[in-house]
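**Q** Requesting a structural model of the entry that follows:
(chains A and B)
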Amino acid sequence: MTTYQEFIQQNEDRDGVRFSWNLWPSSRLEATRLVVPVSCLFTPLKERPDLPPVQYEPVMCGRANCKAVLNPLCQVDFRAKIWACNFCFQRNPFPPSYAGISDVNQPAELMPQFSTIEYVVQRGPVAPLIFLYVVDTCLEEEDLQALRESLQMSLSLLPPNALVGLITFGRMVQVHELSCEGIAKSYVFRGTKELSSKQIQEMLGLMKPAVSGQQGRPAAPQDPSATCRFLQPVHRVDMNLTDLLGELQRDPWPVPQGKRPLRSTGVALSVAVGLLEGAFPNTGARVMLFTGGPPTQGPGMVVGDELKTPIRSWHDIQKDNARHLKKSSKYYDTLANRTAVNGHSIDIYACALDQTGLLEMKCLSNLTGGHIVMGDSFNTSLFKQTFQRVFSKDYSGEFRMAFGGTMEVKTSRELKVCGAIGPCVSLGAKGPSVSENEMGVGGTSQWKVCSLNPSTTLAMFFEVVSQHNAPVPQGGRGAIQFVTQYQHSSTQRRIRVTTVARNWADAQSQIQHIESSFDQEASAVIMARLGVFRAESEEGPDVLRWLDRQLIRLFMFHLRRSPFLQVFNNSPDESSYYRHHFVRQDLTQSLIMVQPMLYSYSFHGPPEPVLLDSSSILPDRILLMDTFFQLVIYHGETIAQWRKAGYQEMAEYENFKQLLQAPLDDAQEILQTRFPMPRYVDTEHGGSQARFLLSKVNPSQTHNNSNGWTQEPGAPILTDDVSLQVFMDHLKKLAVSSST
Amino acid sequence: MNVNQQTPMASPYGQPQPGYGQPGYGAGYPAPYAPYNNPASVYQPGAPPQGCSPYASFPSKAVAANPVSDLSSPLDLGPLRGPPTSVPAPVSAAPQAYSHYGQGEMQNGPPPGSQAPPRPAVSQPYNQGAVNLSGPPQPYPQQYGAPPPMQQVTNQMTGMQISTGPPTAAGPGYAPPHSSQPPTSAAYSIAPHPAYTQGPPPASMAPSQPPPPRDPAPPQPYYGGPPPPQHPASSASAAPLPPPPSSHQSFPPTSYPGPQAPLPAGPQAPLPPGPQAQPPYAQGPPPPGSQPHYAPAPPHAHGSYPAARGPPPPSQPGPYPPAGPPPTSAPPGHYQGTMPPQPPAGQPATYHSGPPPPRAQMPPSSMAQTNHLPPGPQGPPGPLGPPGPLQQPPPQPGMQGGYPPQQNGAFGQVRGPQPGYPGPYPGQQNYGPQAPAPAAQAQKRLDPDAIPSPIQVIEDDRVKTTEPFTTGVRGQAPPLVTSNFHVKDQGNASPRFVRCTAYNMPCTADMAKQSQVPLAAVIKPLATLPPDETPPYLVDHGEAGPIRCNRCKAYMCPYMQFIEGGRRFQCGFCSCVSDVPPHYFQHLDHTGKRVDCYDRPELSLGSYEFLATVDYCKNNKLPQPPAFIFLIDVSYNAVKSGMVNIVCQELKTLLDHLPRENPEMDSVVRVGFVTYNKVLHFYNVKASLAQPQMLVVSDVADMFVPLLDGFLVNVKESRMVIDSLLDQIPEMFADTRETETVFGPVIQAGLEALKAADCAGKLFVFHTSLPIAEAPGKLKNREDKKLIGTDKEKSLFQPQVGFYSTLAKDCVAQGCCVDLFLFPNQYVDVATLGVVPVSTGGSVYKYTYFQAQSDRERFLNDLRRNVEKPMGFDAVLRVRTSTGIRATDFFGSFFMSNTTDVELAGLDCDKTVTVEFRHDDKLSEETGALMQCAVLYTSCSGQRRLRVHNMAVNCCSQLADLYRNCETDTIINFFSKYAFRSVLTSPTKTVREGLVNQCAAILACYRKNCASPSSAGQLILPECMKLLPVYLNCVLKSDVLLPAADVSLDDRAYLRQLLSGMDVSESHVFFYPRLLPLMKLEGDSLPLAVRDSEERLSKGGAYLLETGLHLFLWVGANAQQELLLNIFGTPSFGQIDPNLTSLPVLDNPFSKRLREIVDAFRAQRSRYMKLIVVKQEDKAELIFRHFLVEDKNASGGASYVDFLCHMHKEIRQLLS
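**A** Numbers count the residues shown, from 1 in each chain, chains lettered A, B, ... in the order given. Purely as a prediction, here's the structure:
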């Protein structure tokens, strides 16, 4: 074994796992003292081009409450054809199909390099993917047109056998029937009435014809595509739907002066959920909501239709002035839970200049693994490309999306699982490995992740349960197995099993070892997630204080200033949006989010990362900042002047041209892979959009402490926020005082 | 009976009668009979037969009548009618008809067997005819003749009989009569004739009386061949009495003459008449050709009569026997005994047939009474009870005994089938073969021809009405609705807009209360005027709006008195003085009239319109043009019946005919479409779409409109899309398997759409079944026949749930009128579904068992007319009156949220509102009473207008004036609406009794206060109200108040609602259908109608019957080939297709003319009448018979004759 760095990297590459500690303290007491809990970031569907799925089903431990999957850590008796479960120590015979097993003829799952292995389940019905578009028609014509085009385009990206449906809403909610010829037909729901799932299904005529049975008519065999006129295979209704989308009109109800259009987002979603619930429970399905404004009527209403009443701000929320907040949050929360139960997910594509109610609706995506994309308009490349990227394909031509996942965690006896933070909901599976101490979504050893993609990452928290006086024998290993069942985008059911083990270490005797096994990045992200999770459920300042009491690192300074915890200068929707992404992206992306990367381009050398500090803002540099959500190219004052003067057009200043081009190319590279598409900003010194950069850097120089504008390099920031220096000083004081 | 009794008047006649009446009734009824008014001369009716003997009495009555009548007013009429009545020998009349045709006198012979059979009208007819012939043969003619007399009274005995009858049991009553004396019976039988005759010819009566016996015979004839004979009879009877002739003369003159001559002859005399009469039927009035036939009959008759006289009884007996046919044996005996000779089976038969039980019974009693006096006869009868009577007859072959027995026999049978009244009709059946038997019965009865004839009244009025009717004269009653007339508006509203029950209102509340005459106006605010009359002028008073009284807000009208040189005006309603606005000032001339009086419609006319200003609009906003929304049921039944297809096809053309004010312009009415079953489908038909879009709303629990723009569209702009939609709807639902429907949400949807568009409008709902799907307004099947007749029956007329009442209120508030087209295959609960249409001024159309093929025409015509007809929206009607009276009650299709404003979401040209007035102070004779009906509405072009109708009537301090200026048709309109509304809250029995009581009170008041003193046994009717009993009986027998077993609850609820919006002419023909003989169609005039009785139908002819809802073509089994060829193009009766719904187009004048008539009839009514061909003795005849309202009906409705007797009894009771 080389360095921990390499070990960590290798583990991440192979298993998609990063632990905060790579040696585990052997007792509960010691673990607690470490402050950062034993935890990990786990990416269940980490892309493994080198890992072909095996075409058989996993062998599982026979013990009813264990059911762990045969893995490389199991003891195997080849002669007796018996294996011992490394979690419960149950001895299991191999199934008959393993009759030929031997030392030299081992199945893949026993090989160490297959600590992560994927099985393809052959049985069970194959259900097509389902995409249900829920489209807001209260848009400006221009936006609507762009949206129409995007939607039409998306049809060509869908697999031909996928089922597709369309719901439009404005003042009313219309569910379009796609199978009919001639007259375009749609079912209409009033936008103000909350309906139960049963009512919706009845109204859509989806109820099983129990009544007709009484009339002596034999119930027709259930053919999903035939029974549900609203969800039809793309290949069959391609033309129809394209036309339908093409004819999509703006909501015809007049909007009086001084009013917002009436937007029944709540009911539209409830209808969508109800429809899928009735027709395709437990099948991968994606509800894609495209909205251009806040819900203004009916259940889930976020703001009234009076324009004179602005949508709630953090200020209102703190003053308890947001009248619809609780009610609508609760409404969407209920809806999200229902959706999750059915294994469907909801995406929200919200494009508007003002808030659209993401704060209230965020749980729809958070709990179901759906995407949230926020933009200014549907007519921007941000939206268009992001949306396109939803349907991106992997190396083998499959969609980078999976549905209806359930993730189960099995631990060896010394460990228990406390919870998970990520786009998941609890399945409420109690078991011996479930800790009473909840962190994140806890109290269970199984979670449902309705929608997954290769970057979906969950933070898992564990608790060491061994007592201090009964330490784990030296050399023993603790093991954790993640079993993720999901519906692959090819419609196959698959099971991915990842089994990892770490050594136990006695904190007293091996503290240095433990320290060296610390994964700072992982810990930072994990702690940040914990913070965000708390921020979601607790008052902001409390969380900050809690965080302040935790580990102190430079990193935390940025986290503290990040939009994930700090709501100042962000609308509630933006906060929700940022947090949403923070709790699901993988480690690298998360790090970027917390501590944006700043690259400096100059004639002095190749691009170099520089401190995220106001001192880095220099006139002769071009800065490229990546905050995950924004990609900012900032031209220093001098550069900007040169550019304005058009030097780059001159042959003799070819190098200047190249300098200008370099950050653009790099940005392009980032844009290619990032989901969602970041907001791309190209600005310069003094530009209005320079604020994106200025708000992120450490305000080491402000109008308060800089004497004379040009004394020191860098740019003063007009802010009252404390700089890192002040922050550190303060922390040191705190640290001292608390220790006394 | 009474009538007879009354005879007392005429000492001779009267006395005898009294005898009958008193005795028989004695128990119950005092001599009362006598009372029948003079005019009517009492119905000797009953007497007639016996009448003969009674004749005297009749005559007397007649006489009396005259006198009395004079008093009453009817005098003149009295005589006239009298004659007719008497002549006709009512009862017989009907029969006669048959007989005539049938000639079957012979049958009379046979009759015996069949009294019961009597129904076979035909046969009876013969007998009757024969008899009648003998008697007063010319049934029809005579009848007509009779009619004229109308006024009077119509005394009639029949009534009396009834009185006896009162005891519904009739049996007893009847029995008695018989028993009492043959004479009585005779009387009755005769009575009929007499009655008729009487009315008119009291004089004749007198004469007749003597002859009574003979008369009796005549009556018989009646039965046989009622009408003609009767006259003859009457004449015959009259014969004896010269006077009668006169009366008779009016109509049957010719015949009468003949008869008269005969009369003298005595019994024979009657016969002659008979013959003559017959002829009439057969041929023209003159006996000639017909005579032969009749002749035979007559002979019998004569024979009988003669015998009768001698044996008046005989004749009677004869009848009875027949009745008994079974009786025959018995009867024979009796009769024979009495009349053996006549045996005439013929006569007897006739009688039986004609008279059937009731009559017979009644008559008998009366007869008995009259003649014999209460004594034995009656007594016995009573005891006997129906059966008794029958039996009795035998015993008393002779008059008393004889009749009873006979009757009994006859009745017995008859009765069997039809207790009480029914009996009589059954008798009719006799007509056919049994005729003979009936005859006997006939005798007992009043002569149907002797009682007031609607046909005669109508015809008289028609003939009388030659001048245009000018509305300037206060208190002048307009011509009847059945007459064609031209109206000149001279300050009061045309009768086409407003008709009053009384044009001379009592000055005080006491008088009004005493008379019990309802004071009401039937207002049809938007009535369509004939092309030669000018529609109301539109007046614009400028921005300030119409000029009104400051206090009561009455609109400027001719009753406003300008004073102070024209600077102020005094309101005619409240007397308040208001200033004349400067822009309206005009100088007065020397008479105090404004100089511009005749330039301004509002100062010189009774009806005109004002242009309303924005102050008169909802929300102070000028209205939008209205919208029509078509809501089509597309459930399985609707599709299968072809309804959906038809509606969609038709709409394509209909949309070009939306109402518009200027025919040159396109209609501004917008349209929208919805289809529905368990859910609703709205359609976006925006002009810019290539294809319509369907929007399904399944949230029926909470209805809303899914779209605004594109739902209501201009037809012209969206034509392509609409056509495409209408083409696709039938296809889309062709394979539907959805059977459940909703209803409440459908109306809600339309309402919401109108609300969203902020306009008034009309919904056309095409619906098939009981809405049982889960939704607001869901209904259960609650049809429970067991409740009928119980106190809970009323609940069946009430809406099942309160939902629709609330909905209706909302609709009215929005100006959303709902028209409902129902296509039910089973119970749909019209009572509940109709709530909204009825409350919003809409209409309900019902096409039970709709079949595309046969009902298409009717439905499409109704739909077309409904869509095209002029109408106003979002209307408010208010009636203002001068001090002293006020409008207290309103009837019609509307909603009222307070006590004065009638709110109509829609008001079309066919809808009427009936308003009842009550006194709240004294009125003055000088100023009369004024009323002003103002209707504020939105025209189909979206213009807000006020239509004002003014009406002034006289006030009187003498009751006689009131009775002289009444309009019975309007009174009946009011009564029926009142009664039909009352069934919601009271058991139908109570309602019926209430009607009878009020009617009796009205007539009793007249008798007491206006008629000259006369015998209590005489029935005296005011001239203007002489048809009140017959029409009232029709109301009482209507399906709503007295349902036949096969009438569904839905039908009743439907009719109930339908009636609430009917105007006078519709209600008139609805209750008393028009029955036209089609034997001869010449020239442009219509053939003279005949009375609605089976007796009037000739087996050899064809008849057209029209009720305003139904149109029947009845074809007699013996119809001549030529006739059939002309109508159907086939010579054989058997080859006529009973499923025919339209007449074949044949190239002959007859066919052409007939089709013209049918078309004209249809054009006249607001609903298209499907033609139903009824072949005699076919199943369908049952339905047809239902509309022969003068006959007894299967559900227990009394015959006219019986009812008249009953009325008389009631009146007598009141007077005593």
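**Q** Just list the residues touching the residue positioned nearest the centre of chain A, thanks.
**A** Among the residues of chain A, the one closest to the centroid is A:Arg584, at 3.1 Å (CA atoms, centre = their mean). Going by CB atoms under 8 Å, 6 or more residues apart in numbering or on different chains, A:Arg584 touches A:Gly369, A:Gly422, A:Pro423, A:Ser455, A:Thr456, A:Thr457, A:Leu458. Backbone N, C-alpha and C define where each C-beta goes, glycine included.
**Q** CSV for the residues you listed, including pLDDT and neighbour count?
**A** Output for the contacts of A:Arg584, formatted as CSV (pLDDT from 0 to 100; neighbours: other CB atoms under 10 Å in any protein chain shown):
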residue, pLDDT, neighbour count
A:Gly369, 90, 31
A:Gly422, 91, 26
A:Pro423, 91, 28
A:Ser455, 89, 19
A:Thr456, 91, 24
A:Thr457, 93, 30
A:Leu458, 93, 26
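**Q** From those residues, pick the one nearest chain B.
**A** Chain B has its nearest neighbour among the contacts of A:Arg584 in A:Gly369, at 30.9 Å by CB to the nearest CB.
**Q** still on that earlier bit, which of the contacts of A:Arg584 fall within strands?
**A** A:Leu458 (DSSP state E).
**Q** By residue count, tell me the biggest strand in the chain.
**A** You didn't pick a chain, so chain A it is. With secondary structure taken from DSSP E, chain A has its longest strand at strand A:493-505.
**Q** nope, chain B please
**A** Longest strand in chain B, counting by DSSP E: strand B:944-956.
**Q** Convert the C-alpha atoms of that one to CSV, please.
**A** C-alpha atoms of strand B:944-956 as CSV (Å, rounded to 0.1, in the frame of the first residue of the first chain):
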residue,chain,number,x,y,z
ARG,B,944,-81.6,46.2,-23.2
ARG,B,945,-85.3,47.0,-23.5
LEU,B,946,-88.5,47.4,-21.6
ARG,B,947,-91.7,46.1,-23.0
VAL,B,948,-94.8,47.6,-21.5
HIS,B,949,-98.3,46.2,-21.7
ASN,B,950,-101.2,48.1,-20.3
MET,B,951,-104.6,46.8,-19.6
ALA,B,952,-107.7,48.5,-18.2
VAL,B,953,-110.8,46.6,-17.1
ASN,B,954,-114.1,47.8,-15.8
CYS,B,955,-115.2,47.4,-12.3
CYS,B,956,-118.7,46.5,-11.3
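**Q** That strand pairs with which strands?
**A** With DSSP bridges as the test, strand B:944-956 is paired with strand B:504-506 (parallel), strand B:607-611 (antiparallel), strand B:929-938 (antiparallel).
**Q** would you list these in TSV and tack on mean neighbour count?
**A** Output for the strands paired with strand B:944-956, formatted as TSV (neighbours: other CB atoms under 10 Å in any protein chain shown):
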stretch	mean neighbour count
strand B:504-506	27
strand B:607-611	24
strand B:929-938	25
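**Q** what's the pLDDT at the residue nearest to A:Asn22 when sequence neighbours are not counted?
**A** Leaving aside its chain neighbours, A:Asn22 sits nearest to A:Ser517 (3.7 Å; criterion: CB to CB, 6 or more residues apart in numbering or on different chains). What the model reports for A:Ser517 is a pLDDT of 86.
**Q** what sits against A:Ser517?
**A** By CB under 8 Å, 6+ apart, the contact list for A:Ser517 reads A:Tyr4, A:Trp21, A:Asn22, A:Leu23, A:Ala505.
**Q** measure A:Tyr486 to chain B for me?
**A** Going from A:Tyr486 to chain B by CB to the nearest CB, to the nearest Å gives 35 Å.
**Q** so which strand or helix has that residue?
**A** strand A:477-487 (DSSP states H and E).
**Q** go on, B:Ser1067?
**A** Taking DSSP H and E as the criterion, B:Ser1067 maps to helix B:1064-1071.
**Q** Can you show me the CA trace of the next helix or strand after that helix as CSV?
**A** Next helix or strand after helix B:1064-1071 toward the C-terminus (DSSP H and E): strand B:1074-1077. Extracted C-alpha coordinates of strand B:1074-1077, given in CSV (Å, rounded to 0.1, in the frame of the first residue of the first chain):
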residue,chain,number,x,y,z
ARG,B,1074,-109.9,19.8,-31.6
LEU,B,1075,-111.6,17.0,-33.5
LEU,B,1076,-112.2,17.5,-37.2
PRO,B,1077,-114.1,15.2,-39.3
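**Q** name the helices or strands packed onto strand B:1074-1077?
**A** Counting contacts by 3 or more CB pairs under 8 Å, 6 or more residues apart in numbering or on different chains; DSSP states H and E, strand B:1074-1077 is packed against strand B:1102-1106.
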